[in-house]
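1. Here is my input, please return the structure:
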Amino acid sequence: MKRSFLPKLAPSILAADFSCLGKQVQAVEMKGADRIHIDVMDGHFVPNLSMGEPVIRSLRPVTKLPLEVHLMISNPDVIMEEFAAAGADSFIVHYEGNNNLHRTIQKAKQLEKKIGVAINPATSACVLDAILSEIDLVLVMTVNPGYGNQHFLPFTLEKIKKISQMIAERHLNCEIEVDGGINSISAPLALDAGATVLVAGTSVFKSPQGIAAAMQTLLES
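-> Reported below is the predicted structural model:
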């Protein structure tokens, strides 16, 4: 399939070197990143702990890029206001484990932030049916959430195609983002299936080529 658009890149700082995080964020901004993807994990919803509000606050002055906060936590409603005040521009919350997804979506809108919904590899695209028109983005997890540097799961491609079809049929302005195992091999597959935004962590920040060359490789792929 020939694509008529340039993909948007959302480097995930989960894989970045935190001893020089600001400089690495500025490096991906210079090479054409569309947004910065920030993974927040609570050790309950996913088996890992990661960054919180202080990281968002520290990054806000060093980049003009939108800060996209992926909330892999059990109760996202309770911290959204705090994260919004710290400088978050958008939130992604999970369908799984959310007690009242529509209320969470409305909370983000009240804060005047963009809102996306993520679904795990084993979750069907059908769960998005009722809320697709209410959100700005769908994030398809192409690995099981919780850790970086995992291998892309090919069976998720059919789900990306299904969601792309749902969006097209309803004439919605909704992005499809993919997260997990994205590199120069898996990126074209995801884009051909209908993805428009690529989250990439390890392949950008831990590439032996360096950040600039890694970004260029993804774009060229």
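
2. Please make it C-alpha for all contacts and neighbour counts, starting now.
-> Will do.

3. any idea which element residue 25 lies in?
-> Per DSSP states H and E, residue 25 falls inside helix 21-30.

4. from the chain's centre, how far out does whatever helix or strand comes next after that helix sit?
-> Where DSSP H and E defines the elements, the next helix or strand beyond helix 21-30 is strand 36-41. Relative to its chain's centre, strand 36-41 lies at 8 Å (C-alpha atoms, centre = their mean, to the nearest Å).

5. now stretch 80-99
-> 12 Å.

6. what pLDDT, on average, does that stretch get?
-> Average pLDDT, stretch 80-99: 96.

7. now do the same end-to-end measure for that stretch.
-> 15 Å (C-alpha to C-alpha, to the nearest Å).

8. Flag every buried residue along that stretch.
-> Buried positions in stretch 80-99, judged by neighbour count with 16 or more other C-alpha atoms under 10 Å: 80, 83-84, 86-96, 98.

9. repeat for stretch 43-59
-> For stretch 43-59, a neighbour-count test (16+ other C-alpha under 10 Å) marks 45, 46, 49, 52, 53, 56, 57, 59 as buried.

10. Run through who's touching the helix holding residue 25.
-> By C-alpha atoms under 8 Å, 6 or more residues apart in numbering, the residues outside helix 21-30 that reach it are 11, 13, 16-17, 36, 59, 62-63, 65, 205, 211-212, 215.

11. Which ones among the residues you listed lie within helices?
-> If you go by DSSP state H, these have 59, 205, 211, 212, 215 in helices.

12. The third one contacts residue 204, doesn't it?
-> What that stands for is residue 211. Yes: counting by C-alpha atoms under 8 Å, residue 204 is a contact partner of residue 211 at 5.5 Å.

13. neighbour count winner among the two?
-> residue 204 (27 against 20; other C-alpha atoms under 10 Å).

14. my guess is that one contacts residue 214, does it?
-> Yes: the criterion here is C-alpha under 8 Å, and residue 204 meets it with residue 214 at 5.2 Å.

15. returning to that earlier point: nearest to residue 197 among the buried residues of stretch 80-99?
-> residue 92 (13.3 Å; C-alpha to C-alpha).

16. Double-check that that closest one belongs to a strand.
-> Yes: counting by DSSP: H, G, I helix; E, B strand; the rest coil, residue 92 falls inside a strand.

17. That one pairs with what?
-> Assessed by DSSP bridges, residue 92 has beta-bridge partners residue 70, residue 116.

18. Next up, the contacts around it.
-> Counting by C-alpha under 8 Å, 6+ apart, residue 92 has contacts 68, 69, 70, 71, 115, 116, 117, 118, 139.
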